[in-house]
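> the following comprises the amino acid sequence and a computationally predicted model.
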Amino acid sequence: MTPVSRRDLAVVAVGLAVASWLVVRSAYGDLPPLRWWLPVPLALLAVAEALAARTLRTRLAVLREARRDARRGRPAAAAPVRPGDVRPVEPMLVARAAVLAQASAYVGAAFVGVWAGVLLHVVPALDRLDAASGDAVTAGIGVLASAALTAAALWLEHVCRVPPAEDDGPAGGVRA
């Protein structure tokens, strides 16, 4: 697997921002009200992926350190953690987390674009339309939640990368 291209995420976000701005501009009066809680699932997914990234990073770091110490032949007293003491990380778990991270990065970028398009329409209309103020708050929360999802997904993807071997160069792709 190759890492997610930041440029691709930017293209998705900008393209959908323009598209959603055009749709909202033409059909704003016919849209249902935008409630503040609509982007909350994106924020919850961002928190879940950030917690997964933190947990997985810690587990992989401890496991790698224990393996490194075992290869170097350090005595058990010098090594605070032995390889048998570390709960192993299933390779398929890491592969699934990497796939989830890549999919979530694109979903987050897409929703950043959609909410930004809504925001681009409602902010200039704040003084003209009564509903625009509530919709601007919802769109602002949506942009923040979507950006948080994208950031958490990119962090999780980074955690899932295979580190380069000590004798290799700067190689290292996403674990698959």
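Noted; the coordinates are in hand. Numbers count the residues shown, from 1 in each chain.

> any low-confidence regions in the protein?
By pLDDT under 70, the low-scoring segments of the chain are 74-86, 164-176.

> spatially central residue in it, please.
When the chain is reduced to its mean C-alpha position, the closest residue under CA atoms, centre = their mean turns out to be residue 153, at 1.9 Å.

> tell me if I am right that that one is in a strand.
No. Counting by DSSP: H, G, I helix; E, B strand; the rest coil, one finds residue 153 to be helix, located in no strand.

> what's the distance between it and residue 21?
Spatial separation of residue 153 from residue 21 under the definition CB to CB, to the nearest Å is 24 Å. No exception for glycine: its C-beta is placed from N, CA and C like everyone else's.

> could you do residue 121 as well?
Applying CB to CB to residue 121 and residue 21 gives a distance of 6 Å.

> of the two, which one has the most company?
Shown here are residue 121 and residue 21; by other CB atoms under 10 Å, residue 121 has more neighbours (22 against 18).

> just confirm the residue nearest to the centre of the chain contacts residue 108, I think it does.
Yes. Taking CB atoms under 8 Å as the definition, residue 153 is a contact partner of residue 108 at 5.9 Å.

> what touches both of the two?
With contacts defined as CB atoms under 8 Å, 6 or more residues apart in numbering, the residues adjacent to both residue 153 and residue 108 are residue 46.
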